[in-house]
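# Next come a sequence and a model predicted from it.
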Amino acid sequence: GSLEQSARLYARALRMARKTDDAREIGSNAYNLAACLAELGRYPEALGFLEEARGEFARAERSQADLLLLEARIALLSGQFSDALAIAEQVLPAAAKGNVPSYRVQVMLLRADVALARGAAEVARVELDDAKKDLQKQRDALLNAQVAGVEGRVLLATGAPADAAKMFDRQAGLLKSDAR
């Protein structure tokens, strides 16, 4: 429940993984620590651990797609919109199985968030609609929650706060069901 506590636990697990020189564990813990730090708004620190994860993922011959998505999200949250889009373009080629639908959806959602941040709600709507088409093939509650959140933000940006509230409620319900 607590991001600060999660960050401390991942930092401890990372220290232990480093002692055993286990690339998979080092990479996973560095990535998870970076994700926690990013959620806490500690972007420079998160990027440092993300870089460590990148090296360990490469050493363990793991896909870099999730790392790139997180890096793109951090760029977006840092206001570096062009960087976020450039990094997002690297996700699909980095995916282990190629053009995986869940990665396509996440990239489209990121592009929608960038468009919203730039004040281009209609561009965001197009990206969202494309993501929703791909999402029909997915039964992933977390991915559906992400779509609902972006749709809520698009609705807010286009002047439909009541409809946005419904989407945010849907997002919360999906996240709650995924946590069980």
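Happy to help now that I have it. Numbering: from 1, shown residues only.

# so what's Leu85 closest to, chain neighbours aside?
Counting by Cβ to Cβ, 6 or more residues apart in numbering, Val114 is the residue found nearest to Leu85 once chain neighbours are left out, at 5.8 Å. Any C-beta I mention is one placed from the backbone N, CA and C, and that applies to glycine too.

# again with Arg111
That would be Glu127: by Cβ to Cβ, 6+ apart, it lies 4.7 Å from Arg111.

# can you give me the helices for the chain?
Applying DSSP state H to the chain gives helices spanning 3-20, 23-39, 43-59, 65-77, 81-88, 91-94, 101-117, 121-135, 141-157, 161-179.

# Now tabulate these in TSV and tack on mean neighbour count.
Shown next, in TSV, are the helices of the chain (neighbours: other Cβ atoms under 10 Å):
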stretch	mean neighbour count
helix 3-20	15
helix 23-39	22
helix 43-59	18
helix 65-77	22
helix 81-88	17
helix 91-94	16
helix 101-117	22
helix 121-135	18
helix 141-157	20
helix 161-179	14
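
# With mean pLDDT added, can I get these in TSV?
What follows is the helices of the chain, written out as TSV (pLDDT from 0 to 100):
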stretch	mean pLDDT
helix 3-20	96
helix 23-39	96
helix 43-59	96
helix 65-77	96
helix 81-88	97
helix 91-94	90
helix 101-117	94
helix 121-135	94
helix 141-157	95
helix 161-179	91
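
# circling back to that earlier point, next one: the residue nearest to Leu85 from Leu76, what distance?
Separation of Val114 from Leu76 (Cβ to Cβ, to the nearest Å) stands at 6 Å.

# do Tyr10 as well
Remark: distance between Tyr10 and Leu76 (Cβ to Cβ) = 22 Å.

# Same check on Gly55?
From Gly55 across to Leu76, the span is 23 Å (Cβ to Cβ).

# just Ala23 next, same as before
In terms of Cβ to Cβ, Ala23 sits 28 Å off from Leu76.

# same question, Ala86
Look at Ala86 and Leu76: by Cβ to Cβ, they are 11 Å apart.

# Could you double-check that Leu142 sits in contact with Ser177?
No. Counting by Cβ atoms under 8 Å, Leu142 stays clear of Ser177, with 9.8 Å between them.

# I appreciate the help and will end here.
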